[in-house]
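A.B. asks: Sequence and predicted structure below; questions after.
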Amino acid sequence: MYVPPAFAEKNLETLHALIEDHGFAMLVSNGPAGLVATHLPIMIDRARGTQGTLVAHLARANPHARDLDGADVLAIFQGPHGYISPSWYGQHPSVPTWNYAAVHAYGRARVVNDPAQLDAMVRALVHQYESGRGKPWTMDHLSADYMKGMLRGIVGIEIEIARLEGKLKLSQNRNAADRKAVIAALADSDSAEDQALGAYMARHAAPPSG
């Protein structure tokens, strides 16, 4: 990923938080069939490994699953993003751009087939996305036979992160007045994605006060 110094993010807490908040990712590997990508939810265990360990599962019928064990992989996480109009700037001439936040996580995949481990992976994923709901759904009411059948249809993947790249392209190369105007314009947009980007900019690239 091309990361100019102004947009580089190296803080591990910030990178892990983006992974947790935007866990639907793209897992890419290069195997006998060439480059292959699968879109899937990926969790991070911050406590395992120096930079964390990614945990996911995919369908056993997915050809990608056959080539993952021991493969070098790249997981791509995309945070808030959106179009930035030069009409929001006070400094001209200027051109349009696209602001975004992204994390690339590199590592070697390990396939998990043990039913107990798979069960724990799936339960952790369900807990992550059901927690906070008024009436969270659980797997507890599912029969043992049903769960055995479901678990036979998936494989687990664990990836200890060997390298993390973070890019927060949030108008840090603009002056304070322009950054403030961009945040305000995004917050005033009817688009939920624009509003999310504006809020993310306000947290991670707010212009200096004064």
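C.D. replies: Nice, thanks for sending it over.
A.B. asks: For the rest of this, base every contact and every neighbour count on C-alpha atoms.
C.D. replies: Will do.
A.B. asks: Scan this structure for its longest helix.
C.D. replies: Ranked by residue count under DSSP state H, the longest helix found in the chain is helix 115-130.
A.B. asks: Mind listing residues that contact that one?
C.D. replies: 43, 55-57, 112, 136-139, 148, 151-152, 155-156 (Cα atoms under 8 Å, 6 or more residues apart in numbering).
A.B. asks: Show me the helices in the protein, by range?
C.D. replies: Listed in chain order (using DSSP H), the helices of the chain are 12-21, 63-66, 115-130, 144-152, 176-187, 192-204.
A.B. asks: sorry, back to before: okay, buried residues for the longest helix of the chain please.
C.D. replies: Residues of helix 115-130 classed as buried by neighbour count (16 or more other Cα atoms under 10 Å): 115, 118-119, 121-122, 125.
A.B. asks: now swap in stretch 179-194 and tell me
C.D. replies: Counting neighbours by 16+ other Cα under 10 Å, one finds that the buried residues in stretch 179-194 are 179-187, 193-194.
A.B. asks: so which of the residues you listed would you say is closest to residue 160?
C.D. replies: Distance from residue 160 was checked for each of these by Cα to Cα. The minimum falls on residue 193, at 30.6 Å.
A.B. asks: who touches that closest one in this structure?
C.D. replies: 80-82.
A.B. asks: rerun that using 10 Å as the cut-off
C.D. replies: 79-82, 186-187, 199 (Cα atoms under 10 Å, 6 or more residues apart in numbering).
A.B. asks: still on that earlier bit, for the helices of the chain, which one sits closest to residue 50?
C.D. replies: From these, taking Cα to Cα, the stretch that ends up closest is helix 12-21, at 10.0 Å.
A.B. asks: Spatially central residue for the chain, please.
C.D. replies: In the chain, the centroid-proximal residue (Cα atoms, centre = their mean) is residue 77; its distance is 2.9 Å.
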